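> Let me see the structure of the following:
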Amino acid sequence: MGDVLSQDEIDNLLKALSTGEIDADEMKEDAGKSVKEYDFKRPAKFSKEHLRTLEIIFEHYGRLISTNLPVYLRKSCQVSVVNSEALTFSEFTNSLANPVILGIVNFQPLNGNIMVELGSNLGFAMVDRLLGGQGDALDKSREFSEIEMSLVEKMMAVCISLLREPWKNVLDLNPVLERVETNPQFAQIIAPTEMIAIVTLNIKIGDVEGLMNVCLPYFTLESIMDKLNTKFWFSTMQDSSEEDYTEHMQDMIQHVSVPIIAKLGDSSITVTDFVNLQIGDVIRLSSKVDEEMDIFVGNIKKFKALPGATKKLYAVRVTEVIREEEE
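Sure thing, here's the model as predicted:
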């Protein structure tokens, strides 16, 4: 009720208006001005433009994860950016479960670190897949063993190394995974009241779905905040010519290793015969020596070839290239 005027205040106001001490037009202008609240505990250091640019960067990062993780896991992987927001570091750490996978990353050449949180269900799915399983998550969460943590650190290092390319338009980074923590209490990289930007990615590995949160402290990004806007981002992208990009992609493709398998033939034997196989034993195959064999590139039948030898090494001579329309 503090905004309600008393009768005396109303009378004094009308008197001031009639004598000209107060201008009615000025009062209207003052009434139209709104006061904006500012919370000094949560300073607005990240604008919507900054968060939008971070989303663009991590959309690129998500595409890299979805194409690189299947190489290690032999399982389809889908990644999408869910959202981005600004909050305090204490709000982020208080929301973390225990155990959790927290990668502490040295964001060289920037000062300070960033933090990458990976859902424990995704960690267990990766471990299961790397050890020859189907890539299933655990029904009930538990602590990671030393062997499991070693595998998780390996996959986290792979994910961290992929951060370099998405940030290229802003800064040449050399991110290094310093350590992996499972207890949030041991991952206090900045003061609890410091502002951070959180970018959340949804990762689906096979049938297992979980979240990855990337914590970016303002302290770490402060020196490049003026570059975190879409105008700078797209102007930098236009500077790099399409020709250079094509050459770069061709160079990357030329260095990719692919397995090539020459299938000599098929045969069926009993388990007893298999167990008792010795050096020098002969296995009868379904194909003949002078017949062409299939050559597979990965899992795709690509060539026909004849078996032979060169310089005391087994070899094949390609006789036919199988086109896609011929399969």
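
> Show me where the stretch 1-150 of the chain dips below the pLDDT cut-off.
1-7, 20-44 (pLDDT under 70).

> where exactly do the helices run in it?
Secondary structure of the stretch 1-150 of the chain by DSSP state H, counting those that start in this stretch: the helices cover 7-19, 24-32, 48-73, 89-94, 120-130, 146-161.

> The ones you listed: which one's closest to V214?
Closest approach to V214 among the helices of the stretch 1-150 of the chain is made by helix 48-73 (6.6 Å; Cβ to Cβ). For every residue, glycine as well, the C-beta is placed using N, CA and C.

> neighbours of F274, just the number please.
Residues near F274, counting by other Cβ atoms under 10 Å, number 9.

> Could you verify that it is part of a helix?
Yes - assessed by DSSP: H, G, I helix; E, B strand; the rest coil, F274 belongs to a helix.

> Return the set of residues that bridge with L118.
Partner residues in beta bridges with L118, using DSSP bridges, are I101, M212.

> how near is it to G62?
Here the criterion is Cβ to Cβ, to the nearest Å. By it, L118 lies 14 Å from G62.

> Packed most tightly, which of the helices of the stretch 1-150 of the chain would that be?
helix 120-130 (a mean of 22; mean count of other Cβ atoms under 10 Å).

> From the chain's centroid, how far away is that helix?
16 Å (Cα atoms, centre = their mean, to the nearest Å).

> Equivalent analysis for stretch 73-93, please.
Centroid separation between stretch 73-93 and its chain, computed with Cα atoms, centre = their mean, is 8 Å.

> Over to stretch 149-165?
10 Å.

> Distance check, the residue nearest to R63 when sequence neighbours are not counted against F89.
Nearest residue to R63, sequence neighbours excluded (Cβ to Cβ, 6 or more residues apart in numbering): V79, at 7.2 Å. Relative to F89, V79 is positioned 25 Å away (Cβ to Cβ).

> try V180
V180 sits 19 Å away from F89, going by Cβ to Cβ.

> next one: M156
Per Cβ to Cβ, M156 is found 20 Å from F89.

> returning to what we had before: what about the helices of the stretch 1-150 of the chain, which gets the closest to V258?
Among those, the nearest to V258 by Cβ to Cβ is helix 48-73 (11.0 Å).

> what helices or strands is the closest one leaning on?
Contact partners of helix 48-73 among helices and strands, from 3 or more Cβ pairs under 8 Å, 6 or more residues apart in numbering; DSSP states H and E: strand 77-88, helix 120-130, helix 146-161, strand 195-205, helix 230-239.

> got the angle for it vs helix 120-130?
Calculated by axes from the mean of the first three to the mean of the last three Cα atoms, to 10 degrees, helix 48-73 forms an angle of 30 degrees with helix 120-130.

> What's the local residue count around V170?
Using other Cβ under 10 Å, V170 has 17 other residues around it.

> Work out for me the element it sits within.
Assigned by DSSP states H and E, V170 falls within no helix or strand.

> The closest residue to it other than its chain neighbours: how many residues sit nearby?
If the residues on either side of it in the chain are set aside, V170 comes closest to K227, at 5.0 Å by Cβ to Cβ, 6+ apart. K227: 15 surrounding residues under other Cβ under 10 Å.

> correct me, but K227 touches W167?
No - here K227 does not reach W167: they are 10.0 Å apart, not a contact under Cβ atoms under 8 Å.

> Low-confidence bits of the stretch 151-300 of the chain, can you list those?
In the stretch 151-300 of the chain, residues with pLDDT under 70: 230-245, 248-249, 252.

> ok, now with 90
161-196, 205-211, 217-278, 280-300 (pLDDT under 90).

> wait, what's in contact with the residue nearest to M225 when sequence neighbours are not counted?
Distances taken as Cβ to Cβ, 6+ apart put H50 closest to M225, at 6.7 Å, once the chain neighbours are dropped. Going by Cβ atoms under 8 Å, 6 or more residues apart in numbering, H50 touches 197, 225, 228-229.

> Same check on N174?
So N174 contacts 108-109, 164 (Cβ under 8 Å, 6+ apart).

> and the protein, what are its domains?
48-254, 260-326 (automatic domain parsing).

> Adding distance to K15, write those out as CSV.
As requested, the domains of the chain are arranged in CSV below (distance: least, Cβ to Cβ, whole Å):
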stretch, distance to K15
domain 48-254, 48
domain 260-326, 92
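
> Hmm, E165 is touching H60, no?
Yes - the pair E165 / H60 is scored as a contact, 7.3 Å apart, by Cβ under 8 Å.

> From the centroid of this structure, which residue is nearest?
Geometric centre of the chain, nearest residue: G62, 4.5 Å, by Cα atoms, centre = their mean.

> how about the nearest residue to that one, chain neighbours excluded?
Per Cβ to Cβ, 6+ apart, closest to G62 is V79, 3.7 Å.
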